[in-house]
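> I would like to see how this sequence folds:
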Amino acid sequence: MSVTVETLIEAALLTSESPLTDKQLRQLWTPTLPQDALVDVLANLQARWSERALRLVHTVEGWRFQIVAEAFSELKEKLEPEKAPRYSRAVLETLAIIAYQQPATRGDIEAIRGVNVSTQVMQTLSERGWIEVIGHKEVLGRPALWATTPQFLMDLGLDDLTHLPPLTELGELVLPDITPPAANHAAEEE
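From the prediction side, this is the model:
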């Protein structure tokens with residue numbers, strides 16, 4: 001059996017544990033597949049799998065097959081579910097602040113939350129692979145600047161941070177004490 005480029009790429013995508021980039025997919029073929037040919041192959045695969053339980057999707061980390069949402073919700077109830085980790089309010093608030101305000105220092109997070117951020121909170125998010133240090137702020141002490149990772153986007157099914165829900169929808173949950181300065185000024189005058 002001769003293997004076509006489409007078969008080879010399909011097999012790689014179905015068996016890979018992580019998403020594959022365009023470059024990785026192009027290098028599967030010898031000589032390296034041109035980008036426009038890869039686009040055609042991926043379009044053919046997407047069309048062929050469009051009515052199946054798995055769909056070929058592009059994420060921030062590359063191409064992968066993933067189960068369609070309708071099938072996932074059906075299976076979730078019938079198969080033995082993995083215990084989803086439960087995170088404390090402090091962990092979730094810290095993650096939300098980093099996601100919306102990044103890059104943020106620990107001091108920035110503490111100023112917004114109004115309480116100290118424990119090392120355990122930062123460690124939990126870091127071990128989960130959702131946040132990382134991307135540099136240091138050029139101020140006294142050079143505090144670490146925290147930002148979300150590609151793993152965070154992938155776990156939330158987002159292509160990029162612009163797809164996060166508008167902060168105004170989450171404002172009362174995430175930042176309950178923040179109100180526009182004009183509103184504060186008006187409230188003080190009353």
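> which strand or helix spans Ala99?
Following DSSP states H and E, one finds Ala99 within helix 89-101.
> ok, now how distant is Leu156 from Phe65?
18 Å (CB to CB, to the nearest Å). Heads up, the C-betas are built off the backbone N, CA and C, glycines and all.
> before we move on, what SS does Leu145 have?
At Leu145, secondary structure determined by DSSP: H, G, I helix; E, B strand; the rest coil is strand.
> residues contacting it?
For Leu145, the contacting residues are Gln102, Pro103, Ala104, Thr105, Val133, Ile134, Gly135, His136, Lys137, taking CB atoms under 8 Å, 6 or more residues apart in numbering as the criterion.
> neighbour-wise, which of these leads?
Ranked by neighbour count under the definition other CB atoms under 10 Å, those are headed by Ala104 with 23 neighbours.
> nearest residue to the residue nearest the centre of the chain in space, please, no chain neighbours.
Most central in the chain under CA atoms, centre = their mean is Leu153, positioned 0.8 Å from the mean C-alpha point. Computed as CB to CB, 6 or more residues apart in numbering, the closest residue to Leu153 that is not its neighbour in sequence is Val60, at 4.6 Å.
> in the host helix or strand of Asp108, what counts as buried?
Here Asp108, judged by DSSP H and E, is contained in helix 106-113. Within helix 106-113, the residues that count as buried by 16 or more other CB atoms under 10 Å are Arg106, Asp108, Ile109, Ile112, Arg113.
> now render those residues as TSV, adding distance to Lys23 and pLDDT.
Formatted as TSV, the entries for the buried residues of helix 106-113 read as follows, by distance: CB to CB, whole Å; pLDDT from 0 to 100:
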residue	distance to Lys23	pLDDT
Arg106	36	93
Asp108	36	93
Ile109	36	93
Ile112	39	90
Arg113	40	90
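> who has more neighbours out of Leu156 and Phe65?
Neighbours around Leu156 and Phe65, counted as other CB under 10 Å, are more numerous at Phe65. The numbers are 18 against 13.
> in a helix, the residue nearest to the centre of the chain, correct?
Yes. When three-state DSSP is applied, Leu153 is found to be in a helix.
> quick one: residues contacting it.
The neighbours of Leu153, taking CB under 8 Å, 6+ apart as the test, are Thr59, Val60, Asp159, Asp160, Leu161.
> rewinding a little: other residues contacting the helix holding Asp108?
Applying CB under 8 Å, 6+ apart, the contact partners of helix 106-113 are 90, 93-94, 97-98, 101, 116-117, 122, 143-144, 146, 175, 178.
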